[in-house]
Structures are given as C-alpha cells and as structure tokens.
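Colleague: just the structure for this:
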Amino acid sequence: MIFKKNSILVVDDNPFNRELISHIAKEKGFKIFEASNGKEAIDKIKESNFVLVFMDMIMPIMDGYEATRKIRSMGLDIPIIAVSAMSFKQDRQKSLEAGCNDFLPKPLNTTDLEDMIEKYSKGKSKQEIDTPTVKYFVQNINFRDFPILLVEENDGLCKKYIEILKKSGFEVTRVKNGSEAFEFIKEERFKIILTNIFTPGIDGLGLLILTRRQYPQILFFIYTPKYDPDTFQLAIQQGVNGIIPQYQFEGSAIRMIEIALHQRHQEEVKQTSTSNMIKIAQDQLIGFGCDVQCKFCDIAYYSLKEAGGDMARCRHFNKEGRCGIIVADVAGHDVMSSYISAIFLGMLLTIWDKNQNPMELFKIINFELNKFGYNETHVCATAILWDRNRNKMKIATAGNPGGIFINKNPDGSLNYKEFQGGGMALGLLKTHDLFFEEEVSFDKEGFLFIFSDGIEKEQLLQIISENPSMLDKEYFCGISQKILDGVLTKEKQKDDMVLATLYIKGEATSKLHYGFLSSYEGVDKACEWFNENLAHENFPKGKDKDLILLAVRESLLNAVEHGNKYNNNAYVDLSVSFSPKELKINISDEGAGFSLNDKIKQIDTLTDIRIGSRGLPLMLLASDKVEVDGGTVSLIFNNNVEVIS
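Modeller: This next block holds a predicted model:
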C-alpha cells in the first residue's frame, strides 16, 4: 500500500460531479484520484491511503452504501462523505448507518464542499485529520473493560502508544514479541491485541492467524509503517479488525478500536435477539425426558453462551416401550449454531416416527443437511432406538463420544462398560457409510449415560464414584442435573454440556414380545411366533383359537399397510400378556392411529365377515373388546376361569 497524506478519492458515476469536486480539492493542494463506481473505489483504496473520500451513494455495479460498508469492514478509518441527490432525513441516516461520516446533498454547493474539505482535513493537506463528529461507537463505553495486549519491541514507540491508550482509559500490558504475546493470550484475559506487523519471533500476521484459530473473540489490530497490497489482503482475509498507518496512530488508533467495539456490540445485540427467540423454541423442544411423563429418561443441559446448538430429545413411539433418544452437538456457539440446531430438530421431529432405526435416521438427516447447503457446519449426534421391555438397544453415533453403562454390585462397588463412539459427523460428507452402529442387550439393572463432548467420561465417572448413592433408583429423577453441577464445581465450563441418563430395568417384562420391520413376510413369521408361544391352555375359555389367529393377522396387516404405509424401515411390535381375567394382545405400528368409532360406522352395513377394512370385522367378532390408542391396537379376550401363566 502507498501512503499518500495529500490524496482525496472522488467516487461518482457522473463525470461532471467528479470534475467539480476535483477542481475545488486541487485548489486546496490535494492530489485527486477518481472512481466511477464502488468496486473501482475499493480497488483504489487497497492501493493507496486517502485522507478523505467523497462517495456518491447511487451508482451502477456497486453503490456507495455497499462500498462504504466494505471499507469499514476492512478496518479502515478514512473519513467518507456521502454525496447524494436523495437528501431526505432517512437517506442521510441510511448513509451514516452504512459508515459515512457526513452528508452532502446534490446539486453540490461549492461553499458546502469547501467547508467539508476544511472540516475533515483542517485545510492542511499534510496534517492528520480531526476526529469526525459523527459518533460511530457505543456511548459511555468503559474502556477499562477491554484490556489491551500491546506487542511492540521498540521502547520509544511502546511508551508513546501506552500513553495514548491509557489516556483514553484502556488497561495496557506490553510484550516485546509475538511468541511472548501468544503465551499471554492463553490466559484469556485480553479483549484486544494491538501489534506491530514486524515483531521478533512470531510476526504480526502470524500472531493474527494463531489468534483467529483459537481465540476468535479477541479484537485484533495491526499497525505498520508500510507494507504491500498482498500483505494487506492477507490480513483482511484472516479477519483483522483494523490496520493502522503508523504515522496516523495517535489520531486513528482509538477511533478504529471504537468502531470495532461498536460493530461487535451491534453484532452481539442482533445475535442475542435472534438467539433468544431460537433458545425459547429450543428450551421447549429439549425438555427433561420424553414428551410424555417418563420414569426411564432424565436429561440436563447447560449452554456455554446464549447462542448454541447442543440439544437432546426423547420420543415415546408406542405403548409397548419402544423409545427413541437423540443427543446432538452442533459445532460453534453463535446464532448460526442455534439455527442449524433448529433445522436439525425440525428434520428430526418430521421424520423420526417413520424412521426409528438410528442408521436410517442418520442417513436421511445427513442427506438433507448436504442437499440444502448446511454442510458448512456439522452436527455430532448419538441416536438410540430402545426396546425397554426387552432391554435391547440399537445405538448409532455420528462423531459423538460413546456412552457408558454403570451398575452397582450388591457390595456397593461399581461396574463400568464403555460403548464405542465416533463415526463421521452429520453434514460433512454425502457418504452414508461412515457412521457407527451397534446393537446391545442388558441383563442387569443400571444406568446408561449418553453425552456430548462438552463432558469428559473421566469427569462423569469421578462424580459418580464420589457419590455412588446417585445410582439408587429412588434418586433417578434429576440425576443428570446433579452430575453436571458436580462437574462444574470442579472445572470451568468450556463447551455446551448435555447429558441424557437412561434407567435400565435389567429384567425383561413378563409379557411376550415380537418385533419386526414391516413386510408381509414379517407378518407370517409373527403369526408363527404367536401360535408357537401361546399354549392351548392360555386361550380364553370359549374362544376359537383359529379365529383369534385370524384377528391377530388382520391387525398385523393393518399395521403394515395402514399404520406404516408399507415402509420397510418401520417397526411393528406384537406383545401378549396374560392375567387370570383376560388375554390382551397389543399390535403397535409407527402411524398416528385412527378413530375406532368412525371406522365402525363405515362397516356397520356389512353382513359378512370380510378380510380387509383394517381387519376390524374380524377383530370385533373374535375379541370381547377392541381399543385404539395412537398407533397401538389392543385385542382383549375375557376369561372367566383362571389361566395358566
């Protein structure tokens, strides 16, 4: 970049306006550069440093509003005067909000134009400009809240700059080189870094790159006596908040920091407003446990910041104990993270009932995230399909840690079993074969802990080892919250934390169960299983066994055809329970169910037994009572004599 203290840039698509401004500025002793649109202006500003810019606001290719915003985003403190024929109050305000310092209406008045040049250059082409009257920063800001780390080897310059910064109220710590600076940055105490581009060890650009990777929240400024355009561009690409010409340090440094603080404040206000709305929805969706009252699942969640993406959700699929659990960790802690979390959750709640198998669920979500361009971020997740009554689970992980199962021995000692985690995060690649899946069975009572990477397994094990009474069943409610609180009493929170704890009964229920993926072949095998496992003496007295078998078959067909709509990835559950008074058969699918009364009205005119019509004629004829609760159809057969169970 070439520093030219007596140069003015005139940006206007009208040659007459450019000539008028140029003529008056030249008479004041300034050298004039011209551009016909905002894009040309940006290119010229990258090559030279101007003391003043006159910017037409309405131009082709790139207008003055966009050009001004880009100049400010580059961290440049050049005074910019808006020039526009649109001189209503709202037009002036729009120009100032874009980053302009002042406003000149068209047609141009030569006296006003001379006054503007005088005001922003003090009439002396080689003196530094006065601080603009337009406040571009937060009012009543307390600079002591923003400690600065100054990186400068030269003792003379250091003394001068510290005096300027402290006079404005900043707390300043000085180091002599970039390597020493990076060690100080690790303390996470400094809000602002101000460095010479040329420093021993790690130079200014190197320090910028390291800081942006690990501490992106720190404001970073570079000052330099001279450097080339390539260096300038690299600093911009790496996210520098401002570049200060060394000869302008006294007049520009404080203002440039003010601008950056203002921009940060505005971003935070906007993010807080947006994230609060998203957070309200997330809080409602996360919940504690299932969407129905549940004594088997407990969830706790701590966010690191107002905006974030970690979430957890449970799903009660049917009356027979089939449940789904999701623990997800969205990368980042900003509004975009919250937005992606909301997108993920929206997808999940739309497709979960119809895609309970964890691997199939991951494949669909991964496809959708990639299809809609959300692959710039990613979601680590654990998905579980839990058959509580049979103590079986399917667990899939996509980048999340593996779970831990803990049970207590009679002597009070603890047993631990870790499950494998890992796999590819959702949204990174279009391939679907890099997730990890396993099927597990439990034969002992205990607790399964599923968590995001904001919690380390060592922390969890330590808290439980110190408080083994947590694993007593009567204390299950709130166990996740107690563990997170215990972790935070020992260590500072570094990430969002979400923990789901599942209570495993250990013993399977006394009911008979059979489950299968929807297919006609599955129906045949389920009927065979029912016939083989139901002894003759268990059939209610006076009931025809073949008729009961036909009713069960019709109910299973109803589940495959109507409930699951021929979805081969949807489950059907068949459960049989006995009591001295009745035999009860539950057939559950993944559908929303139907109105029994409405369907009965539709078949009231039937005079024969038909296979079809959701199988209701046979079900009603064979059973003493038919109940429908969501996706579960119950066939109840009364028995007036004691049955052998």
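Colleague: roughly how far apart are residue 9 and residue 480?
Modeller: Going from residue 9 to residue 480 by CB to CB, to the nearest Å gives 60 Å. Backbone N, C-alpha and C define where each C-beta goes, glycine included.
Colleague: so for the two, which sits in the more crowded spot?
Modeller: Applying other CB atoms under 10 Å to residue 9 and residue 480 shows that residue 480 carries more neighbours, namely 26 against 21.
Colleague: how far does stretch 221-236 sit from its chain's centre?
Modeller: 34 Å (CA atoms, centre = their mean, to the nearest Å).
Colleague: ok, stretch 412-430 next?
Modeller: With CA atoms, centre = their mean as the basis, stretch 412-430 stands 20 Å off its chain's centre.
Colleague: kindly report the same for stretch 540-556.
Modeller: 51 Å.
Colleague: which residues in the stretch 501-645 of the chain form helices?
Modeller: According to DSSP state H, counting those that start in this stretch, the stretch 501-645 of the chain carries its helices in the segments 520-533, 545-558, 596-603, 616-622.
Colleague: now those in JSON lines, with mean neighbour count, mean pLDDT and distance to residue 19?
Modeller: Below are the helices of the stretch 501-645 of the chain laid out as JSON lines (neighbours: other CB atoms under 10 Å; pLDDT from 0 to 100; distance: least, CB to CB, whole Å):
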{"stretch": "helix 520-533", "mean neighbour count": "15", "mean pLDDT": "92", "distance to residue 19": "84"}
{"stretch": "helix 545-558", "mean neighbour count": "20", "mean pLDDT": "90", "distance to residue 19": "84"}
{"stretch": "helix 596-603", "mean neighbour count": "12", "mean pLDDT": "78", "distance to residue 19": "82"}
{"stretch": "helix 616-622", "mean neighbour count": "20", "mean pLDDT": "83", "distance to residue 19": "89"}
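Colleague: same list (these) but as a markdown table, adding distance to residue 410.
Modeller: Output for these, formatted as a markdown table (distance: least, CB to CB, whole Å):
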| stretch | distance to residue 410 |
| --- | --- |
| helix 520-533 | 33 |
| helix 545-558 | 42 |
| helix 596-603 | 48 |
| helix 616-622 | 47 |
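Colleague: tell me which residue of the protein is furthest from the middle?
Modeller: Relative to the centre of the chain, and counting by CA atoms, centre = their mean, the farthest-placed residue is residue 542 at 60.4 Å.
Colleague: next, give phi and psi for that residue.
Modeller: phi 80, psi 0 (degrees, to the nearest 10).
Colleague: and it, what pLDDT?
Modeller: Note for residue 542: predicted pLDDT of 75.
Colleague: let the chain start at 42 from now.
Modeller: I'll keep to 42 as the first residue from here, and by that count the last item is residue 583.
Colleague: residues in contact with it?
Modeller: Under the criterion of CB atoms under 8 Å, 6 or more residues apart in numbering, residue 583 has no contact partners.
Colleague: and the strands in the stretch 142-291 of the chain?
Modeller: In the stretch 142-291 of the chain, the segments counted as strands under DSSP state E, counting those that start in this stretch are 143-146, 189-192, 213-216, 233-237, 260-265, 283-286.
Colleague: check the stretch 292-441 of the chain too.
Modeller: 338-343, 352-357, 363-371, 420-428, 433-439.
Colleague: TSV for the ones you listed, including distance to residue 76, mean neighbour count and mean pLDDT?
Modeller: Listed next are the strands of the stretch 292-441 of the chain as TSV, based on distance: least, CB to CB, whole Å; neighbours: other CB atoms under 10 Å; pLDDT from 0 to 100:
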stretch	distance to residue 76	mean neighbour count	mean pLDDT
strand 338-343	52	23	87
strand 352-357	49	23	84
strand 363-371	43	25	90
strand 420-428	45	26	93
strand 433-439	50	23	93
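Colleague: to residue 633, which of the ones you listed lies closest?
Modeller: strand 352-357 (13.5 Å; CB to CB).
Colleague: give me the helices and strands touching the closest one, please.
Modeller: helix 290-327, strand 338-343, strand 363-371, helix 376-392, strand 538-545 (3 or more CB pairs under 8 Å, 6 or more residues apart in numbering; DSSP states H and E).
Colleague: using CSV, write down the CA coordinates of that strand.
Modeller: C-alpha atoms of strand 352-357 as CSV (Å, rounded to 0.1, in the frame of the first residue of the first chain):
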residue,chain,number,x,y,z
MET,A,352,-29.8,-30.4,22.3
ALA,A,353,-31.4,-33.6,23.4
ARG,A,354,-34.8,-35.1,22.7
CYS,A,355,-36.6,-38.3,23.6
ARG,A,356,-39.5,-39.9,21.8
HIS,A,357,-42.1,-42.3,23.1
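Colleague: what angle do it and strand 338-343 make?
Modeller: 160 degrees (axes from the mean of the first three to the mean of the last three CA atoms, to 10 degrees).
Colleague: ok so, going back, among the helices of the stretch 542-686 of the chain, which is nearest residue 154?
Modeller: Within the helices of the stretch 542-686 of the chain, the stretch nearest residue 154 is helix 637-644; the backing value is 80.4 Å (CB to CB).
Colleague: output that closest one as CSV, nothing but the C-alphas.
Modeller: The C-alpha coordinates for helix 637-644 follow below in CSV (Å, rounded to 0.1, in the frame of the first residue of the first chain):
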residue,chain,number,x,y,z
LEU,A,637,-62.3,-46.6,16.1
ASN,A,638,-65.8,-45.2,16.2
ASP,A,639,-65.6,-43.7,12.7
LYS,A,640,-64.3,-47.0,11.2
ILE,A,641,-67.1,-49.0,13.0
LYS,A,642,-69.7,-46.7,11.4
GLN,A,643,-68.2,-47.4,8.0
ILE,A,644,-68.6,-51.2,8.4
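Colleague: low pLDDT regions in the stretch 292-441 of the chain?
Modeller: Where the stretch 292-441 of the chain drops to pLDDT under 70, the residues are 308-335, 347-350, 374-377, 380, 413-417.
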